[in-house]
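>>> fold the following and give me the result.
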Amino acid sequence: MGNRILKPLLLPASVALLWLISGWGYAALLASGNSGIPMGLAAVVSPDTMPVRIRSMLDGPGLVLVAGLSALPVAALALALLPGAKTGRQPRGTLFLASWMSMVLAAVAGSAVLAVGGILAMLPFAQVQWTFDMLAPALLTGAYWGVSWGWLPALLAVFLRASADDGGRSPAEQPTSGRQRTGALGASVLFSAALLVALPLAADYPQPAPVSEAVLTPEPAVYGVPD
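Take a look at the predicted model:
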């Protein structure tokens, strides 16, 4: 009974853990000042799943809360987008590639939600240019994370599917059955909504200083004809 409950959670748990490790790994690489690691190389090794602009808005507890919430929609979507179970065995190579693509799509969608939350946190001072500056890098980072790190949970998905097939479980009992897929999709919507609410509330975006209106001083009037 315990294995039937915990086993479907292994995949989303691994996705969330890898998402967090990648973001904190990027911050750790940049924080080690003596290593001399360029920012571009750090982003290649460990994609920045928590953008610097969003990180700069948050303090310690707020950063931990938002980082944890940002991993949940990605994990839930990864489970919802996995290829469904069918009667008979599927080629493991095909299953692996399909699962890998599911991780890429889930990471892009999760990054988009995080970027939208960052844009909401900057309102009403956000500008149209800031919207694209926040959204475009987040989407690219999510896609790259799915390519560079997403193959690890994809391998886990293939292993879980193979173990289920060897155990003689029916398609309805597979980790990606229709009921679990619907539940994962609903959970991703709830987690996304929680992130969109929590990020603006936890953010401490600096408000621009008010611009003082210049007061024109009238020139002194000159009477008479100067010598």
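>>> residue nearest the centroid of the protein?
Residue closest to the average C-alpha location in the chain (C-alpha atoms, centre = their mean): residue 111, at 3.7 Å.
>>> tell me how far it lies from residue 162.
30 Å (C-beta to C-beta, to the nearest Å). For every residue, glycine as well, the C-beta is placed using N, CA and C.
>>> also residue 43?
For residue 43, the distance to residue 162 (C-beta to C-beta) stands at 34 Å.
>>> now swap in residue 16 and tell me
From residue 16 to residue 162 the distance is 23 Å (C-beta to C-beta).
>>> also residue 32?
Following C-beta to C-beta, the distance that separates residue 32 from residue 162 is 40 Å.
>>> those two: which is more packed in?
residue 162 (14 against 11; other C-beta atoms under 10 Å).
>>> you'd agree that one is up against residue 92?
Yes. Between residue 162 and residue 92 there is a contact under C-beta atoms under 8 Å: 7.0 Å.
>>> can you check the pLDDT for the residue nearest to the centre of the chain?
Here the pLDDT value assigned to residue 111 is 94.
>>> can you tell me, leaving aside adjacent residues, what's nearest to it?
residue 142 (3.0 Å; C-beta to C-beta, 6 or more residues apart in numbering).
>>> for the one you found, give me its contacts.
Residues in contact with residue 142 (C-beta atoms under 8 Å, 6 or more residues apart in numbering) are 49, 107, 108, 109, 110, 111, 112.
>>> change it to 7 Å
107, 108, 110, 111 (C-beta atoms under 7 Å, 6 or more residues apart in numbering).
>>> let me see the ranges of the helices in this protein.
For the chain, the helices defined by DSSP state H occupy 2-31, 39-45, 52-55, 60-80, 92-122, 128-148, 151-166, 178-202.
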